[in-house]
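Colleague: here is a sequence together with a model predicted from it:
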Amino acid sequence: MPLAIGVLLHLVLDGMWRFPSTLWWPFLGWDFDATSFATVGAYLEWLLTDPRTWGLEAAGLVYLAVLAHRSDLRDPDERRLLATTGRVKAPIGR
């Protein structure tokens, strides 16, 4: 269930509803939505210089750092639990 929630949040935060043929590929056809970028290089340049992208990535990194801290991932046993089961101690209520 957490994986499904994570995938859903990722799709929402990426705004995939704006690109239905990409979101539902190949069910809506084999082509992807057209972009305003002439080349992959132009897209990468925009992506690497876009402050919104950097801000959202920074927010995600802060969230992961807080989750790691609250889940005691400094402890090797907790890291092993995460690696073998995909679970962490629930930081709820801390």
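Modeller: Thanks, I have the structure now. Numbers count the residues shown, from 1 in each chain.
Colleague: gap between the longest helix along the chain and the chain center?
Modeller: In the chain, assigned by DSSP state H, the helix with the most residues is helix 51-70. Relative to its chain's centre, helix 51-70 lies at 10 Å (Cα atoms, centre = their mean, to the nearest Å).
Colleague: now the very next helix or strand once past that helix: how far from the chain's centre is it?
Modeller: Moving toward the C-terminus from helix 51-70, the next helix or strand (DSSP states H and E) is helix 76-85. Its chain's C-alpha centre and that of helix 76-85 lie 21 Å apart, by Cα atoms, centre = their mean.
Colleague: got the domain boundaries for the chain?
Modeller: Each domain of the chain is listed here as a residue range: 1-29, 37-94, per automatic domain parsing.
Colleague: can you redo those as TSV with mean pLDDT and mean neighbour count?
Modeller: Using the backbone N, CA and C atoms, a C-beta is placed for each residue, glycine as well. Supplementary listing: the domains of the chain in TSV, determined by pLDDT from 0 to 100; neighbours: other Cβ atoms under 10 Å:
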stretch	mean pLDDT	mean neighbour count
domain 1-29	83	11
domain 37-94	86	11
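Colleague: quick one: residue 49 from residue 43, how far?
Modeller: From residue 49 over to residue 43 the distance is 11 Å, taken as Cβ to Cβ, to the nearest Å.
Colleague: contacts only, for residue 29.
Modeller: Residue 29 makes contact with residue 21, according to Cβ atoms under 8 Å, 6 or more residues apart in numbering.
Colleague: so what's the backbone phi/psi at it?
Modeller: The phi/psi pair for residue 29 (degrees, to the nearest 10) reads phi 120, psi 170.
Colleague: and stretch 48-61, C-alpha only, in CSV?
Modeller: The C-alpha coordinates for stretch 48-61 follow below in CSV (Å, rounded to 0.1, in the frame of the first residue of the first chain):
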residue,chain,number,x,y,z
LEU,A,48,18.8,22.0,-14.6
THR,A,49,18.2,25.7,-14.5
ASP,A,50,14.5,25.7,-13.4
PRO,A,51,14.2,27.0,-9.8
ARG,A,52,10.9,25.2,-9.3
THR,A,53,12.5,21.8,-10.0
TRP,A,54,15.4,22.6,-7.7
GLY,A,55,13.0,23.7,-4.9
LEU,A,56,10.9,20.6,-5.1
GLU,A,57,13.9,18.3,-5.2
ALA,A,58,15.3,20.1,-2.2
ALA,A,59,12.0,19.6,-0.3
GLY,A,60,12.1,15.9,-1.2
LEU,A,61,15.6,15.6,0.1
